Structures are given as structure tokens and as C-alpha cells.
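Undergrad: Next comes the sequence, and after it the predicted model I'd like to discuss.
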Amino acid sequence: MQKILNYINGEWIEPKIEEYFDVINPATGELMARTPLCGADAVDAAAKAAAAAFPAWRRVPVQDRVQYLFKLRDLLKANLDEVARTITNEAGKTFEESKAEMVRAIENVEVACGMPMMGKGEIVEDIAPGIDEIMLRQPVGVCATVAPFNFPGMIPFWYLPYALAAGNTYIVKPSEKVPMTMQFIFKLVEQIGLPKGVVNMVNGAKEAVDAILEHPIIRAVTFVGSTATAKYLYAKASANGKRVQAQGGAKNPVIVLPDADMDMATKIIADSAFGCAGQRCLAVSLAVTVAEARNTFTEMICDAASTRVVGYGLDSGVQMGPVINAASKTRVEQLIGVGAKEGASIPVDGRGTVVKGYERGTFVRPTILSEVRPGSEIAKTEIFGPVLGLMHVNTVDEAIELVNSGQYGNQASLFTSSGSAARKFRYEAEAGNIGINIGVAAPMAFFPFSGWKQSFFGDMHGQGMDAVEFFTQKKVVVERWPKEWSRKF
Ligand code: NAD
């Protein structure tokens with residue numbers, strides 16, 4: 001069984017802790033590690049190490065800071081398969097999904113290598129004769145990330161590379177459910193030779209998060225996870241005077257118009273709804289068919305759901321892995337039951353799934369709930385499992401109204417071959433990520449990972465220029481150098 005250690009001030013430290021969280025391979029049921037549930041002491045040690053490293057790190061020229069990231073990028077690429085295997089084993093996704101996750105992480109490192117350009121300030125000369133005004137971007141200080149379980153490799157990279165390149169020092173708090181991926185990645189981080197204390201990792205759950213939110217040294221916090229925790233963290237971090245951004249949960253709708261290419265729409269929507277076992281914040285979880293799209297789409301999506309190959313993500317041919325743990329399986333199955341009680345029918349029912357050879361795995365086969373009623377619990381609640389609800393309306397306007405009635409705003413998609421319908425949707429849909437004939441509208445690293453309404457609390461997002469903004473603070477200098485002071489040498 002692997003030991004989960006903290007990484008503080010350039011050292012691997014075994015915490016002296018009594019409480020642990022079991023890390024179980026969700027496909028095989030094997031106990032792989034136990035996450036130490038650290039608290040204030042470990043966070044304090046990491047914050048102090050990061051604070052001690054900050055003055056020297058911010059003075060390293062930016063073009064030299066990004067050299068470390070170039071090295072990290074090469075190491076991540078060289079170790080892609082091994083990191084991906086770790087992700088599959090602890091988070092349950094297929095090997096291909098895990099590799100795709102790490103490609104996104106690497107992409108963020110590459111974009112952050114542009115910090116010499118992205119982090120530049122501005123100057124306007126002669127705002128009055130002999131007076132210049134300069135805007136500098138300076139690092140914020142010690143920053144921290146609190147990560148969720150569903151993308152253990154990628155999500156810290158929406159932030160970490162930008163923060164480091166901008167001259168900040170850092171603490172990562174991985175999800176206690178999936179600590180092994182960051183253990184592996186920090187072994188690579190160790191090889192790039194960063195000065196001690198520039199990056200640190202503390203393992204734990206609520207207690208560690210609370211210690212981060214309360215620690216006076218930590219100046220900025222990013223969070224990705226459920227909406228309930230995002231709200232809590234946002235309120236507490238703000239009250240403690242920290243810069244904060246918190247990405248929350250989602251319930252992503254897709255509209256299918258009758259003029260859509262149904263083969264393409266079905267394949268892409270099935271991949272979105274059931275990929276990563278539906279545990280993606282951009283997973284489509286409600287499909288709204290318009291007019292005569294209903295029958296064809298329902299038939300085709302039920303077929304796609306019932307033929308998906310479910311199993312252990314490292315086995316070849318597997319298209320979908322398990323959900324994260326037994327508690328999640330129970331919750332997903334209960335919510336399917338809630339849907340049925342509310343009047344939905346279940347043409348494809350994934351409850352009670354057992355995969356041969358992996359009887360201890362926490363699998364839920366793809367599930368379709370049809371005739372989901374607007375406003376019902378199942379139409380509103382994030383299920384975070386491979387469950388797609390179907391709804392039906394008669395017009396595009398009704399469909400957009402339904403999309404916009406939801407509390408979340410992470411993603412909304414439309415399948416159509418009509419340019420004007422696409423434009424109307426893009427214009428009116430209330431979500432931060434929009435897909436037109438796209439099922440997972442994940443922004444590239446040079447765009448912000450947006451989110452609206454109850455899917456996001458804050459201002460600047462992760463990735464790209466938003467991350468540069470978040471991890472730098474602006475300082476405006478007004479300088480007067482009168483001509484008569486010029487000396488003649
Ligand atoms: P979670 O909220 O349970 O946990 C996220 C992190 O918060 C973990 O590190 C955990 O240790 C910590 N935490 C949990 N409860 C806490 C509490 N009461 N106080 C302080 N800290 C606490 O989320 P999860 O189950 O790990 O992740 C799944 C959720 O994340 C889903 O809702 C999904 O939609 C969301 N998500 C959102 C995005 C996005 O970009 N909007 C991306 C990925 C995942």
C-alpha cells in the first residue's frame with residue numbers, strides 16, 4: 001500500500017496523524033493508500049515554507065522562472081502513461097480519458113510558459129509634461145488550490161503553472177479521495193529543481209481546507225468542487241480578506257433540434273453524458289429535444305447507452321469506468337429512484353450493475369430517464385453519474401427558456417445545422433461554456449474555464465489570461481521626473 005506524504009519545503013514528510021481516508025480503486029475494490037487527514041499544523045508548515053521562499057522566488061527573472069515549467073512539461077509528457085495509469089486506478093476513468101486529462105494539464109503548463117509576454121505591465125508616458133504612469137503586475141504571495149476528485153491531474157494545473165510563473169509560491173491540497181496522482185506529479189516537480197518551499201502539498205480534507213482559509217499568510221485561494229463547498233469556501237476566504245475563485249457544480253443541458261445530424265449528436269452526447277462515468281463538470285445531464293427530434297433521438301441515445309462497454313479503465317475496449325466510490329454509487333442509484341418516483345420512465349436502467357471479474361467495483365451502467373418534468377428534483381439536482389434525463393418541448397424558444405431556468409451555468413450545448421438557431425442560442429444561453437455541436441465544451445488553456453450562476457463564485461477564472469490576472473496584483477505608479485533635474489554627464 002502506498003504511503004501518502006506531504007511535500008513541504010522541498011522535503012517529503014510523513015504526517016503524524018490519527019485519521020485517514022481510505023483510497024480504494026473503484027474498479028477493483030483494492031485498498032491502495034490511506035490519505036492522512038492533516039490539519040492546521042501541516043498547513044502552517046507549508047504556508048511558512050512558501051512565505052520564506054517567496055521573496056527570492058519573485059526576484060527570479062520571469063524568463064528564468066518559466067524554464068522550470070519547460071522542464072516540468074517535458075517530464076509530464078515523458079511520464080504521461082504512468083500518470084494516466086495512476087489516475088485510472090484511483091479515479092476510475094478509462095486510460096484514454098486519463099491521458100486526455102493530462103494532455104490538458106500539459107497544455108496549461110505550455111500556456112503559462114508565455115508569462116514573460118502575458119505578465120507584462122503597461123506604461124503611458126507624459127500623462128502630464130514629465131509625468132509617466134506605469135502599471136506593474138506583481139505576484140500576490142502565497143497562494144493555494146483546493147482540488148476535487150474528478151480530475152486529480154488536470155485541475156491543479158488550471159492554476160499552479162500560472163501562479164509560479166507569475167512569481168507566487170504555492171500550496172496544493174488534493175482531494176482526499178485521489179491523492180496518488182499528485183504524489184506522482186510532485187515526484188516530477190521535485191526533479192525540476194525549484195528552490196525549496198516554492199511548491200508544497202498538504203493532504204487532508206475539511207480540516208486542512210479550513211486551515212488554508214484561516215491562515216493569515218495565504219493570500220489567494222482557488223477551489224473546484226461541489227457548489228455547497230464552493231459557496232462555503234468563497235464566503236470564508238473572502239471574509240478573511242483573501243482573493244478567491246470557486247468553481248462549483250453543474251447540471252448541463254443540451255438542446256437537440258430536428259435538423260441536427262442525429263448520428264453525430266447521439267455519439268457526442270453519449271460521450272459527454274457517460275464519459276468519465278458522468279463525473280465531469282461539463283458532462284451533459286439533460287437533453288431537451290425539440291419537436292420531431294424526440295423519437296429519433298430517444299431511440300438512438302437509448303441504444304448508445306445500453307451498448308456502452310463498462311469495466312476497469314485499464315482493460316482494452318472499456319468505454320466507461322466506475323463511479324468514484326460506494327457512497328457515490330448509492331447516491332446515484334437513489335437519485336435514479338427519485339426520478340422514477342417523480343414520474344420519469346427508465347428505458348435504460350444502470351442500477352445494480354455488477355461487472356464480471358470486478359464484483360467489488362462501484363459501477364453504474366449508463367442510465368436514461370425519459371419524460372423528466374421541468375422543475376422536478378431530478379431536473380435540478382446534479383447527479384454526477386452516468387445518467388441522462390430527457391425532456392421534450394415544441395420550440396427553440398421553449399428549449400432555451402428551459403436551459404436558462406436552471407440554477408447552474410457551467411455549460412449549455414445545442415445540436416443543429418441551422419446557423420441562425422446556433423447564433424440565437426449562443427447569444428441567449430446563460431452559461432459560461434457554450435457548445436454548438438459539441439458535447440464537452442472544455443476551453444483550451446488559453447481561454448478561461450468559465451462558469452456562471454451557481455457554478456462559479458468569484459470574478460476571474462482559471463486558465464489563460466484570467467489566471468494571470470488572478471495571480472498578479474496591479475500596482476500603478478505615477479512618476480515625475482522634471483526636465484530641470486536632468487544632469488548633464
Ligand atoms: P467536494 O466539494 O466534495 O470536494 C472538493 C474539495 O473540497 C476536496 O478537496 C475536499 O477535501 C474539500 N471539501 C469537501 N467538503 C468540504 C467542506 N465541508 N469544507 C471544506 N472543504 C471541503 O467536490 P468533489 O466531490 O471532490 O468534486 C465533484 C464536484 O466538483 C462536482 O460537483 C463537480 O461538478 C465539481 N466540479 C466542478 C468543476 C468546474 O469547473 N465547475 C470542475 C470539476 C468538478
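TA: Yep, that arrived.
Undergrad: The one residue sitting closest to the centre of the chain and the ligand, how far apart?
TA: Centroid-nearest residue in the chain: residue 155, 4.4 Å away (criterion: CA atoms, centre = their mean). Distance check for residue 155 against the ligand: by CB to the nearest ligand atom, to the nearest Å, it reads 6 Å. Backbone N, C-alpha and C define where each C-beta goes, glycine included.
Undergrad: That residue and residue 146 touch, don't they?
TA: No: if you go by CB atoms under 8 Å, residue 155 and residue 146 don't touch, sitting 9.7 Å apart.
Undergrad: secondary structure element for residue 253?
TA: For residue 253, the host element (DSSP states H and E) is strand 252-256.
Undergrad: pLDDT (mean, whole number) over that strand?
TA: Per-residue pLDDT over strand 252-256 has a mean of 98.
Undergrad: Spatially nearest residue to the residue of the stretch 1-150 of the chain found nearest the ligand (excluding sequence neighbours)?
TA: Residue nearest to the ligand within the stretch 1-150 of the chain (CB to the nearest ligand atom): residue 148, separated by 3.2 Å. In space, and not counting its chain neighbours, residue 148 is closest to residue 225: 4.2 Å by CB to CB, 6 or more residues apart in numbering.
Undergrad: what do you get for residue 182?
TA: Looking at residue 182 with CB to CB, 6+ apart, the closest residue is residue 174, at 4.3 Å.
Undergrad: what's the answer for residue 300, then?
TA: Closest residue to residue 300 apart from its sequence neighbours, by CB to CB, 6+ apart: residue 266 at 4.2 Å.
Undergrad: so what's the one you found scoring on pLDDT?
TA: Reported pLDDT at residue 266 in the predicted model: 98.
Undergrad: elements contacting the strand holding residue 253?
TA: With contacts defined as 3 or more CB pairs under 8 Å, 6 or more residues apart in numbering; DSSP states H and E, strand 252-256 has these neighbours: helix 262-274, strand 284-290, helix 396-404, strand 411-415.
Undergrad: Check what contacts the helix or strand just after the last one and list those residues.
TA: It stands for strand 411-415. Reading on from strand 411-415 to the C-terminus, the next helix or strand found by DSSP H and E is helix 419-428. The contact list for helix 419-428 (CB atoms under 8 Å, 6 or more residues apart in numbering) reads 255, 257, 259, 396, 400, 404, 412, 414, 416, 434, 436.
Undergrad: now helix 419-428 and strand 252-256, what's the angle there?
TA: Our comparison of helix 419-428 with strand 252-256, counting by axes from the mean of the first three to the mean of the last three CA atoms, to 10 degrees, yields an angle of 160 degrees.
Undergrad: buried ones in helix 419-428?
TA: 421-422, 424-425 (16 or more other CB atoms under 10 Å).
Undergrad: pLDDT averaged over the next helix-or-strand element following it, what's the number?
TA: Using DSSP H and E, the next helix or strand after helix 419-428 towards the C-terminus is strand 433-436. Taken as a whole, strand 433-436 has a mean pLDDT of 98.
Undergrad: Strand 433-436 and the ligand in contact?
TA: No: against the ligand, strand 433-436 shows no contacts by CB under 6 Å from any ligand atom, the least distance being 8.9 Å.
Undergrad: Partner strands of that strand, with direction?
TA: Strand 433-436 pairs in its sheet with strand 411-415 (parallel), by DSSP bridges.
Undergrad: Provide the contact partners of the partner strand at residue level.
TA: Here strand 411-415 makes contact (CB under 8 Å, 6+ apart) with 250, 252-257, 260-261, 264-265, 268-269, 272, 281-282, 284, 403, 421-422, 425, 429-441.
Undergrad: If any of the residues you listed are buried, put those into a ChimeraX selection.
TA: Buried subset of these, written as a ChimeraX selection, criterion 16+ other CB under 10 Å:
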select :250,252,253,254,255,256,257,260,265,268,269,272,281,282,284,403,421,422,425,429,431,432,433,434,435,436,438,439,440,441
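Undergrad: list the contacts for the residue lying closest to residue 389 once chain neighbours are set aside?
TA: Leaving aside its sequence neighbours, residue 389 sits nearest to residue 372 (CB to CB, 6+ apart; 3.9 Å). Residue 372 makes contact with 286, 339, 342, 344, 378-379, 389-391, according to CB under 8 Å, 6+ apart.
Undergrad: closest to residue 451 among the residues you listed?
TA: Nearest to residue 451, judged by CB to CB, of these is residue 286 at 16.8 Å.
Undergrad: Now the closest one: closest residue in space, sequence neighbours ignored.
TA: Going by CB to CB, 6+ apart, residue 286 has residue 253 as its nearest residue, at 4.4 Å.
Undergrad: Can I get stretch 46-57 in CSV? Just the C-alpha atoms.
TA: The C-alpha atoms that make up stretch 46-57 are tabulated as CSV, following Å, rounded to 0.1, in the frame of the first residue of the first chain:
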residue,chain,number,x,y,z
ALA,A,46,3.6,24.7,4.3
ALA,A,47,2.5,28.3,4.5
LYS,A,48,5.6,29.3,6.3
ALA,A,49,7.8,27.4,3.9
ALA,A,50,6.0,29.1,0.9
ALA,A,51,6.3,32.5,2.6
ALA,A,52,10.0,32.1,3.3
ALA,A,53,10.6,31.1,-0.4
PHE,A,54,8.6,34.0,-1.8
PRO,A,55,11.0,37.0,-1.6
ALA,A,56,13.7,35.2,-3.5
TRP,A,57,11.3,33.5,-6.0
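Undergrad: Run through who's touching that stretch.
TA: Contacts for stretch 46-57 (CB under 8 Å, 6+ apart): 6, 8-9, 65, 139, 141-142, 167-171, 195-198, 200-202, 215, 217-218.
Undergrad: Next, see if the lengthiest helix in the chain gets close to the ligand.
TA: Counting by DSSP state H, the longest helix found in the chain is helix 40-59. No: judged by CB under 6 Å from any ligand atom, helix 40-59 stays clear of the ligand, getting no closer than 12.3 Å.
Undergrad: Would you confirm that the residue nearest to residue 300 contacts residue 298?
TA: No: in this structure, residue 266 is not within contact of residue 298 by CB under 8 Å, at 10.1 Å.
Undergrad: quick one: which of these two has more around it?
TA: Shown here are residue 266 and residue 298; by other CB atoms under 10 Å, residue 266 has more neighbours (23 against 19).
Undergrad: List the contacts of the more buried one.
TA: 297, 300-301, 303-304.
Undergrad: how much space between it and residue 284?
TA: Between residue 266 and residue 284 the computed distance is 12 Å (CB to CB, to the nearest Å).
Undergrad: just residue 331 next, same as before
TA: Residue 331 is 19 Å from residue 284, where distance means CB to CB.
Undergrad: circling back: need the residues touching each of residue 155 and residue 146.
TA: The contact lists of residue 155 and residue 146 share residue 224, where a contact means CB under 8 Å, 6+ apart.
Undergrad: returning to what we had before: which ones are touching the residue nearest to residue 182?
TA: Residues in contact with residue 174, defined by CB under 8 Å, 6+ apart, are 147, 152, 156, 181-182, 201, 203.
Undergrad: Which two of those residues have the greatest separation?
TA: Among the contacts of residue 174, 156 and 203 lie farthest apart (CB to CB), at 13.0 Å.
Undergrad: which stretch among the helices and strands packed on strand 252-256 comes nearest the ligand?
TA: Among the helices and strands packed on strand 252-256, the nearest to the ligand by CB to the nearest ligand atom is strand 411-415 (9.1 Å).
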